[in-house]
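[1] build me a model from this:
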Amino acid sequence: QVPLVESGGGLVQAGGSLRLSCAASGRTFNIYAMGWFRQAPGKEREFVAAISWSGGSITYADSLKGRFTISRDNAKTTVYLQMNSLKPEDTAVYYCAAGPAYPSLKRSEYNYWGQGTQVTVSS
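    From the prediction side, this is the model:
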């Protein structure tokens, strides 16, 4: 098991920034790729970004490149999602996930999920 706890969500105006954190417990954190997904009301959960265990391989959803940045600190067993130039369409519950050996875009390849943190962007 890899318990994951997200934090950092909230209400922000369009154009603002937020940094989400995902704290993991368990000694196996450092062997997993980590991902961020989001789910807006009435929509399916979608991929946002993923990072390899070393941080050397990163992938983003094409629509979010340039605005979102994923990073991790293995010493703190934490993964981050820096979100800039936020738009109302970024409003969603954001989830972090762990599990695959490589940064995957596929939700099914992640075994462990956090409870999510709400991000609301007002216009």
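[2] am I right that F29 is in contact with V2?
    Yes: under the criterion of C-beta atoms under 8 Å, F29 makes contact with V2 at 6.3 Å. In this view, the C-beta of every residue, glycine as well, is placed from N, C-alpha and C.
[3] got a list of contacts for stretch 14-24?
    Here stretch 14-24 makes contact (C-beta atoms under 8 Å, 6 or more residues apart in numbering) with 2-10, 12, 34, 36, 76-88, 94, 96, 98, 114, 117, 119, 121-123.
[4] check the secondary structure at the residue nearest to the spatial centre of the chain for me.
    Closest to where the C-alpha atoms of the chain average out (C-alpha atoms, centre = their mean) is W36, at 2.4 Å. Of the three states, W36 takes strand according to DSSP: H, G, I helix; E, B strand; the rest coil.
[5] now do the shared contacts for F29 and V2.
    A98.
[6] show me where the protein has strands.
    4-7, 10-13, 18-24, 34-39, 46-51, 58-60, 68-73, 78-83, 92-98, 112-113, 117-122 (DSSP state E).
[7] for this protein, which spans come out with low pLDDT?
    Applying pLDDT under 70 to the chain picks out residues 27.
[8] which one, of the strands of the chain, ends up nearest to K106?
    strand 46-51 (7.8 Å; C-beta to C-beta).
[9] that closest one packs against which elements?
    With contacts taken as 3 or more C-beta pairs under 8 Å, 6 or more residues apart in numbering; DSSP states H and E, strand 46-51 sits against strand 34-39, strand 58-60, strand 68-73, strand 78-83.
[10] JSON lines for those strands, including distance to E46?
    Shown next, in JSON lines, are the helices and strands packed on strand 46-51 (distance: least, C-beta to C-beta, whole Å):
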{"stretch": "strand 34-39", "distance to E46": "6"}
{"stretch": "strand 58-60", "distance to E46": "12"}
{"stretch": "strand 68-73", "distance to E46": "13"}
{"stretch": "strand 78-83", "distance to E46": "14"}
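[11] name the stretch among those that sits most buried.
    strand 34-39 (a mean of 24; mean count of other C-beta atoms under 10 Å).
[12] just the CA trace of that strand, in PDB.
    C-alpha atoms of strand 34-39 as PDB (Å, rounded to 0.1, in the frame of the first residue of the first chain):
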ATOM      1  CA  MET A  34       3.600   9.200 -10.000                       C
ATOM      2  CA  GLY A  35       0.700  10.800 -11.900                       C
ATOM      3  CA  TRP A  36      -1.800  13.600 -11.500                       C
ATOM      4  CA  PHE A  37      -5.300  13.200 -12.900                       C
ATOM      5  CA  ARG A  38      -8.400  15.400 -12.700                       C
ATOM      6  CA  GLN A  39     -12.100  15.000 -12.800                       C
END
